[in-house]
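S.K.: Quick check, what structure comes out for this input:
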Amino acid sequence: MIAPEDLIPKLISVSRAISWTSSTIPLDLVADLVTQGVISRHKRYLIQEGNRRFTMALDILGSWINPVHHQIPGFLPHVWIRMPGTTTPSEFISLARDKKVNVMGGDRFAMSKSLDDHYVRVCLMAVPNSDRLELA
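M.R.: Have a look, this model is predicted:
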C-alpha cells in the first residue's frame, strides 16, 4: 500500500476491519432464512425429492445399477451404471447425448488408469424437473 506516511496506521486499521470480517448483509440474510424456517423446509424438500428420485432410478434402471446402491439407507444424488456387454462408456455417452441426455464416463472420476471405468455416472439431482429426469 502506498500512501502518505501519516495515513498508513489508519489505512492498516481499516484494511484489517474490511478483510477480517464477513459482510453483514449475507449473514443477516441467512439468519433471516433460518429464523423463518426456510432452510429447514428446503432441507426437508431436498431429502424428500432425493429419496423419490433415487427410488425412481432404482425402479427404472434396476439391475444396471450397482447392487450396493440398493442397500443404501436414504438416497444417493447420483448412481453408477455399468455398461452392458461390449458397449464402451464413450459409445453410450454419445448415444445418450444424441437423445439430449448428459451422462459422464467413469474415466472422468477414476483415480488410476488401472481402475475399472466401464461405468457412467447419472446425476439424479441436477435436473430441476423430475419428469424430465424420468424421461431421460
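
S.K.: Output the below-cut-off pLDDT ranges for the chain.
M.R.: Filtered on pLDDT under 70, the chain yields the residue ranges 1, 17, 19-21, 110, 112-117.

S.K.: Strands of that one, start to end?
M.R.: For the chain, the strands defined by DSSP state E occupy 78-82, 104-105, 119-123.

S.K.: Return the list of helices and strands in contact with the last one.
M.R.: Other helices and strands packing on strand 119-123, by 3 or more CB pairs under 8 Å, 6 or more residues apart in numbering; DSSP states H and E, are strand 78-82, helix 89-98, strand 104-105. Heads up, the C-betas are built off the backbone N, CA and C, glycines and all.

S.K.: How about the longest helix along the chain, which residues are buried there?
M.R.: In terms of residue count, the longest helix belonging to the chain (DSSP state H) is helix 38-61. Neighbour counts over helix 38-61 (16 or more other CB atoms under 10 Å) mark 50, 53-54, 57-58 as buried.
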